[in-house]
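Enquirer: need a 3D model of the following:
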Amino acid sequence: MTVKNRFTGGAGYAPLTEQSIGGFLESSPQVSNVLGGRSQDWSVREVGDGNLNLVFIVKGPTGGVCLKQALPYVRLVGESWPLPIDRAHFEHEALKAEAAVVPNLVPEIYFFDKIRAAIVMELLEPHIILRKGLIQGIRYPKLADDIATFAAQTLFSTSDLALPAGRKRDQQSMFSLNIELCRITEELVFTDPYRVAELNRWTKPQLDDIAAEFRVDAHLKIAVQELKWMFLSRGEALLHGDLHTGSIMVTSEQTRVIDPEFAFYGPMGFDLGAFMANLLLSYYSQEGHATPDDDRKDYRRWLLDTLETFWRSFESKFLELWRIPRTGDAFVPGLFEDEGGRRALEAYRFTFVARLLQDSIGFAGAKIARRILGLAHVEDMESIGDSDCRARCERRALNLARQLMLGRNSITSIAAVRQLAETCGEGDL
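Expert: Numbers count the residues shown, from 1 in each chain. Have a look, this model is predicted:
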């Protein structure tokens, strides 16, 4: 098939295999130094379980690396859905931008090959994918604060609050070329769940009625299209673009955010809402993971505690960053030097984050709905073997999603989001 790469034209690309990776990595002195020995001493294992890419773990006598290579199509669907491999370029650029402000929350990058669309990075061990830990009912005491730090630092530092306008526009221009991955979000998150679409699926027949309701509810479709308009038109900051619990690796002591290939300049609330949505999906899934020894009630409360702590920590960190003198071209400090100006600016900061919460919960609703009614569901729900139980969990989540999208502008606190989640989940606790 044709390989699309706007930076190289696609020439020289070939998917790597367990057999060919050794010779490829030997070309990088840094990677060879991490692994130790020669390629014949290295073990290679393909471990990718995502929707788009190849992922290999390579281990040598002195260490290991993770190699991620973009495929020229959507792996989940196959070659019938081609996709440019230059998304690896945007992922690499996003990882560099993130590492500039939160180096301890992203993997270290060792090597990037633009022609092969391959990134070689730090092997995160003994970390596991956060989603898998949540399914197992594991608590992560640092998770909420770590993701709040990641979000506050990456969103603030790439916005007009921190950057001169020219520098921000340069960055925005480059990431605006990540067109195809943005289009995936535009279709799968904001459009397909609200119409008849070939790739849509849901738990049948149990959710047939609510799926039909989502397709005919004009008020809901206006609400989600308003969110799509924000996604299309608000270039507020550099987003991770896919900040769900499958893009976070954890131990009890460490958190690392991975896979920012959907990175682009968009509305801040989209990243925040994505993380919130996945905590809520986990919350609603817990009935399906309960056992006679653990009904998961305490764990469900922990998930909502994590949701609240995340938002409050993010809000505090974001406001603190804004109070430090910056060179951004928005809200120039010199305009607010007298006491009245400082008070007015501080009041506006709180207005800003209040609006950001409303944006975030709207996007959270959209992200929940697409994971139940569209393509690419989440393991939290999919791993529930009893389809009736899974449908109950999903229906509660969809009821919340609908209320978040329709009522976001009347919700004024994260505590209200929690209360709404509990109300929609009655029968769980």
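Enquirer: going forward, measure contacts between C-alpha atoms and count neighbours the same way
Expert: Will do.
Enquirer: hmm, L398 is touching I368, no?
Expert: Yes - taking CA atoms under 8 Å as the definition, L398 is a contact partner of I368 at 7.0 Å.
Enquirer: who has more neighbours, these two?
Expert: Between L398 and I368, I368 has the larger neighbour count (other CA atoms under 10 Å), namely 30 against 27.
Enquirer: how much space separates that one from M405?
Expert: 10 Å (CA to CA, to the nearest Å).
Enquirer: likewise for R256?
Expert: Computed as CA to CA, the R256 to M405 distance reads 29 Å.
Enquirer: between the two, which has more neighbouring residues?
Expert: For R256 versus M405, neighbours defined as other CA under 10 Å are more numerous around M405 (27 against 24).
Enquirer: now do the contacts for the more buried one.
Expert: Counting by CA atoms under 8 Å, 6 or more residues apart in numbering, M405 touches 220, 223-224, 361-363, 365-366.
Enquirer: next step: those residues restricted to helices.
Expert: 220, 223-224, 361-363, 365-366 (DSSP state H).
Enquirer: now for those residues: which two are most distant?
Expert: By the measure CA to CA, L220 and I361 form the most distant pair in those, at 14.3 Å.
Enquirer: state the pLDDT value of R395.
Expert: Confidence at R395, expressed as pLDDT, is 98.
Enquirer: so, low pLDDT: which residues of this protein?
Expert: 1, 50, 427-429 (pLDDT under 70).
Enquirer: so which of the contacts of M405 wins on neighbours?
Expert: Neighbour counts for the contacts of M405 peak at F363, which has 33 neighbours (criterion: other CA under 10 Å).
Enquirer: quick one, strands of the protein?
Expert: Taking DSSP state E as the criterion, the chain carries its strands at 43-46, 53-59, 64-70, 73-74, 78-82, 109-113, 118-122, 128-129, 237-239, 248-250, 255-257, 264-266.
Enquirer: okay, the ones you listed in JSON lines with distance to D160 next?
Expert: Shown next, in JSON lines, are the strands of the chain (distance: least, CA to CA, whole Å):
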{"stretch": "strand 43-46", "distance to D160": "41"}
{"stretch": "strand 53-59", "distance to D160": "33"}
{"stretch": "strand 64-70", "distance to D160": "31"}
{"stretch": "strand 73-74", "distance to D160": "34"}
{"stretch": "strand 78-82", "distance to D160": "35"}
{"stretch": "strand 109-113", "distance to D160": "27"}
{"stretch": "strand 118-122", "distance to D160": "29"}
{"stretch": "strand 128-129", "distance to D160": "33"}
{"stretch": "strand 237-239", "distance to D160": "8"}
{"stretch": "strand 248-250", "distance to D160": "27"}
{"stretch": "strand 255-257", "distance to D160": "23"}
{"stretch": "strand 264-266", "distance to D160": "11"}
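Enquirer: any idea which of these gets closest to E315?
Expert: Of the strands of the chain, the one closest to E315 (CA to CA) turns out to be strand 237-239, at 15.9 Å.
Enquirer: the closest one pairs with which strands?
Expert: Its sheet considered, strand 237-239 pairs with strand 264-266 (antiparallel) by DSSP bridges.
Enquirer: show me what counts as buried in the strand it pairs with.
Expert: In terms of neighbour count (16 or more other CA atoms under 10 Å), strand 264-266 has its buried residues at 264-266.
Enquirer: what's in contact with that strand?
Expert: 172, 175-176, 178, 182, 230-241.
Enquirer: give the contact list for the residue nearest to the spatial centre of the chain.
Expert: Note on the chain: the residue nearest the mean C-alpha position is L243, at 1.2 Å, using CA atoms, centre = their mean. L243 makes contact with 260, 271-272, 274-275, according to CA under 8 Å, 6+ apart.
Enquirer: rewinding a little: may I see the ones in helices among the contacts of M405 arranged in a markdown table, with distance to F310 as well?
Expert: Formatted as a markdown table, those follow (distance: CA to CA, whole Å):
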| residue | distance to F310 |
| --- | --- |
| L220 | 27 |
| A223 | 25 |
| V224 | 24 |
| I361 | 13 |
| G362 | 17 |
| F363 | 16 |
| G365 | 17 |
| A366 | 19 |
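Enquirer: run a quick neighbour tally on G133.
Expert: By other CA under 10 Å, neighbour count at G133 equals 17.
Enquirer: meant to ask about L123
Expert: 19.
Enquirer: can you check L155 too?
Expert: 27.
Enquirer: same thing with A14?
Expert: A14: 14 neighbours (other CA under 10 Å).
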